[in-house]
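K.L.:
Sequence and predicted structure, then a few things I'm wondering about:
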Amino acid sequence: MTAASFPVAGAPLGTTSLLAYIPSPPQGVWYVGPLALRAYALFIIIGIVVAIVWGDRRWVARGGDKGTVLDVAVWAVPFGLIGGRLYHVITDAPTYFGEGGNPVDALKIWQGGLGIWGAVLLGGIGAWIACRRRGIPLPAFGDAVAPPILLAQAIGRIGNYFNQELYGRETTLPWGLEIYQRVDANGRVDSLAGVSTGLVERVVHPTFLYELLWNVVVVVLLVIVDRRFRLGHGRVFALYVAGYCAGRFVIELMRTDYATLIGGIRVNSFTSGIVFLLAAAYVVLARKGREDPATLATTDRTRVEPEDTDTGGDETGSDGTVTAGAPPESSAEQKAGPQKSGQQESSTQEPS
C-alpha cells in the first residue's frame, strides 16, 4: 500500500490527496521482441498447475491412481477455457457484436474475460468424458479437485489486478484500489496493454481482491468439512459451487463496471443465485458417506472389487494385482471329498 500525494483526475489543478491506497501495477503486459508476456495468462497457468498438483494428491488420498488428474485435465482445461469464454461473450454480447464492437475480439481470450460458470459447466463435461474413458466416477473425482479448483480461481484473480479490471464503485476506504491511466506506445489510452502514466483516474473497491480472499476462506472450510464429515458422491464439489456463488452474489452488488442487466440486476447476480440454490439442493439430497476407495482405481489395471475381497484361492500381490488361483470348494464338498475317496479305496481292496 502507498501513502503519498498524487494527482487525481478531475480534481482542481494543484490539489493533491494524501491517502493510503493499494496501487495498481504500472502494466499488465511485457514485450520481449514480438512476444507479449501477459500477467493474466501467467496467473491462469499457475492456477491450473497448482490445481493439478494438489488435486492429484487429494485423488490419491481418496484411493485413486496417481496421474489421473493430469489425464482428466487434458480434457477438462480446454473445455473449461472454451466454456468460460463463451459465457463471457454471450453475457457481454453488445461489446463484441453491438454498435462499435468487433466480433473478432470475442476470440481474444488473452485480453481477459472468462465466466467461471461457463468454465465449470463445459470443464465438467470434459472431465466427464475423461472419467468415463478411465472408468472412474465423476462425483468422486469432483470432490477431490473442488478445493484445488477454487484455489486456482483465487490465483487467477491476481491477473485481474494486473489488468485493472473487475473492480467496484469508488471508495475512500484505506484499502481502496488506485486505477491508473494507461497509454500505449502511440499515446493512445489502453488499460490492458498500456503503461501507467502515474495519473490516478479513480480509487475503487478492489472487488477482485474480495473474491480472492473469499475463495481462500471457502477452500479452507471445504478441506476442514471434508475431513471432518468424510463427504463424498459429489457433495464437496456442490459445497464449493454453493460457497463460491454466495460470495460472488454479494460481490456483484458492489461492482459498477459495464454488465448485461436483467430487470436492472446484473446477469451474474441472477446466475449466482440460481446456481447456489441448485448446489445447495444437491448437498441436501445427494447420497451420504464416501465412495469405497477400491472403486476409484481406473479400469486399465486389474483390481480387487469389494465383493471379491473374501474370495479364496486368489492372492493379492504388493502391487495390487490379483493372481487367480483354483476356485474354492464348498464346505460340503470339502467334507465329502475324503469320504468318497475312502469308500473308493475300500471297494478296490475288497476280495472279488
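P.N.:
Here it is on my side, so go on. Residues are numbered from 1 along each chain as shown.

K.L.:
Can you tell me the centre-most residue of the protein?
P.N.:
Taking C-alpha atoms, centre = their mean, the centroid of the chain lies closest to residue 149, which sits 2.4 Å from it.

K.L.:
Show the contacting residues for that residue.
P.N.:
Residues near residue 149 by C-beta atoms under 8 Å, 6 or more residues apart in numbering: 51, 55, 120, 240. Any C-beta I mention is one placed from the backbone N, CA and C, and that applies to glycine too.

K.L.:
Secondary structure class of it, three-state.
P.N.:
Classification of residue 149 using DSSP: H, G, I helix; E, B strand; the rest coil returns helix.

K.L.:
any low-confidence regions in the stretch 251-352 of the chain?
P.N.:
Residue ranges of the stretch 251-352 of the chain with pLDDT under 70: 299-352.

K.L.:
For the lengthiest strand in the chain, list every residue counted as buried.
P.N.:
Ranked by residue count and defined by DSSP state E, the top strand of the chain is strand 195-204. For strand 195-204, the neighbour count (16 or more other C-beta atoms under 10 Å) marks 195, 196, 200, 201, 202, 203, 204 as buried.

K.L.:
which residues sit in contact with the nearest residue to residue 73 once chain neighbours are set aside?
P.N.:
Once flanking residues are discounted, residue 73 sits nearest to residue 52: 5.3 Å by C-beta to C-beta, 6 or more residues apart in numbering. Residue 52 makes contact with 69, 70, 73, 148, according to C-beta under 8 Å, 6+ apart.

K.L.:
List phi and psi for residue 52.
P.N.:
For residue 52, the backbone dihedrals (degrees, to the nearest 10) come out as phi -70, psi -50.

K.L.:
Next, the buried residues of stretch 54-67.
P.N.:
Buried, per 16+ other C-beta under 10 Å, within stretch 54-67: 54, 55, 56, 58, 59, 60, 62, 63, 64, 65.

K.L.:
Provide the contact partners of it at residue level.
P.N.:
68-70, 136, 140-141, 143-145, 147-149, 151, 290-298, 301.

K.L.:
try it again with 10 Å
P.N.:
Contact partners of stretch 54-67, identified using C-beta atoms under 10 Å, 6 or more residues apart in numbering, comprise 52, 68-73, 134, 136-137, 140-141, 143-149, 151-152, 219, 223, 226, 230, 232, 236, 290-298, 300-301, 303, 320.

K.L.:
Give me the subset of the residues you listed that lies in helices.
P.N.:
52, 68-73, 134, 140-141, 143-149, 151-152, 219, 223, 226, 236 (DSSP state H).

K.L.:
And the buried ones among the residues you listed, selectable in PyMOL?
P.N.:
To isolate the buried ones among the ones in helices among the contacts of stretch 54-67 in PyMOL, judged by 16+ other C-beta under 10 Å, type:
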select buried, resi 52+68+69+71+72+73+134+140+141+143+144+145+146+147+148+149+151+152+219+226+236
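
K.L.:
got JSON lines for the buried residues of strand 195-204, with distance to residue 97 and pLDDT too?
P.N.:
What follows is the buried residues of strand 195-204, written out as JSON lines (distance: C-beta to C-beta, whole Å; pLDDT from 0 to 100):
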{"residue": "195", "distance to residue 97": "30", "pLDDT": "94"}
{"residue": "196", "distance to residue 97": "31", "pLDDT": "95"}
{"residue": "200", "distance to residue 97": "33", "pLDDT": "95"}
{"residue": "201", "distance to residue 97": "28", "pLDDT": "94"}
{"residue": "202", "distance to residue 97": "28", "pLDDT": "94"}
{"residue": "203", "distance to residue 97": "33", "pLDDT": "96"}
{"residue": "204", "distance to residue 97": "28", "pLDDT": "96"}
